[in-house]
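Asks: One predicted model, sequence on top.
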Amino acid sequence: MTPDKVQALFTRSDGSYLCARWGRPIVPVIFGVEDATLSVFKGAIEAVVTLAGHRMAETDPELGANLMVFFCRDWAELAQVPHLDRLVPDLFGLCARLEDADANQYRIFRFEPSGAIRAAFVFLRMDAHLAAVPAEALALSQAVQVILLWSDRAFTDVSPLAQAGETLILRPEIAGMIRAAYDPVLPPVAQDASHALRLAARLGPGPH
């Protein structure tokens, strides 16, 4: 991973650089799935949090849960979730925009005053495409995409996951990136592209 490739993972569509990690222990809650899928998702989140060297907790003293994952069949279902409109600004407008775009997933982040991640909301509409994705792959992919604030284009063309024989794993460079971004020496949020150089230096030399 060259510094340029690292920088691209955190450079947004508008050209700005932004990398942020969680500033508090992660407390996930998942709505709309069976127990088997629930355990897969919680296991994936725990694995990625452990990889980052971060922490999970049973409850967030301020929010209760701070990582909320919602499964639905239709975006209009979200408007019927009690009190969700208090947590998500313009929920009805968002549902309409997602429906118009025929989107099947969407993530919203909230931030601490420092800029670190405070909370995240993940919305998954189980269309034919997502329904065909194995639960393990969907869970691991979503866990990766909420452990850091990546560019909105980071995984558009290439998945963060790879197949190693019959085992699904994180691509080594993405796993390394997560570990590097959670290095306590680095700031929890960075908006200067020079931060990418510091990340790249922690990844070590790649294979030749």
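Replies: Done, it's in.
Asks: tell me the helices in the protein, going along the chain?
Replies: Assigned by DSSP state H, the chain shows helices spanning 3-9, 35-52, 84-87, 91-100, 128-131, 135-147, 172-181, 194-203.
Asks: out of these, nearest to Arg153?
Replies: helix 3-9 (8.0 Å; C-beta to C-beta). Where C-beta positions appear, they are placed from N, C-alpha and C, glycine not excepted.
Asks: what's the closest one in contact with?
Replies: Under the criterion C-beta atoms under 8 Å, 6 or more residues apart in numbering, residues 17, 150-151, 153-154, 177, 193, 196-197, 199-200, 203 lie in contact with helix 3-9.
Asks: So which of the residues you listed sits lowest on pLDDT?
Replies: By pLDDT, Leu203 ranks lowest within the contacts of helix 3-9, coming in at 89.
Asks: how close does the residue nearest in space to the middle of the chain sit to Ala79?
Replies: Geometric centre of the chain, nearest residue: Val146, 1.6 Å, by C-alpha atoms, centre = their mean. Val146 sits at a distance of 23 Å from Ala79 (criterion: C-beta to C-beta, to the nearest Å).
Asks: With Ile26 instead?
Replies: As it turns out, when the distance is counted by C-beta to C-beta, Ile26 lies 26 Å from Ala79.
Asks: which one of those two has more residues nearby?
Replies: Comparing Ile26 with Ala79 by neighbour count (other C-beta atoms under 10 Å), the higher total belongs to Ile26, at 24 against 15.
Asks: how does this structure divide into domains?
Replies: Per the record's domain assignment (automatic domain parsing), the chain is made up of the domains 1-19+162-208, 22-147.
Asks: Least confident of the ones you listed, on average?
Replies: For the domains of the chain, the bottom mean pLDDT is recorded on domain 1-19+162-208, which sits at a mean of 91.
Asks: ok, now which ones touch Val27?
Replies: Under the criterion of C-beta under 8 Å, 6+ apart, the contact partners of Val27 comprise 56-60, 63-67.
Asks: Out of these, who's the most crowded?
Replies: Highest count within those by other C-beta under 10 Å belongs to Leu67, 24 neighbours.
Asks: That residue: what's it in contact with?
Replies: Contacts were defined as C-beta under 8 Å, 6+ apart; by that measure Leu67 touches 26-29, 45, 119-120, 122, 146.
Asks: can you do 7 Å?
Replies: 26-28, 120, 146 (C-beta atoms under 7 Å, 6 or more residues apart in numbering).
Asks: With just CA atoms, put the longest strand along the chain into CSV.
Replies: Taking residue count as the measure and DSSP state E as the definition, the longest strand of the chain comes out as strand 117-125. Extracted as CSV, the C-alpha positions of strand 117-125 are listed here (Å, rounded to 0.1, in the frame of the first residue of the first chain):
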residue,chain,number,x,y,z
ILE,A,117,-16.9,8.6,15.8
ARG,A,118,-19.6,8.7,18.5
ALA,A,119,-22.3,6.6,16.9
ALA,A,120,-23.1,4.9,13.6
PHE,A,121,-26.4,3.8,12.0
VAL,A,122,-26.4,1.1,9.3
PHE,A,123,-29.4,0.5,7.1
LEU,A,124,-29.6,-2.6,4.9
ARG,A,125,-32.5,-3.2,2.5
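Asks: Also compute the angle for it relative to helix 91-100, please.
Replies: With axes from the mean of the first three to the mean of the last three C-alpha atoms, to 10 degrees as the criterion, the two stretches strand 117-125 and helix 91-100 enclose an angle of 50 degrees.
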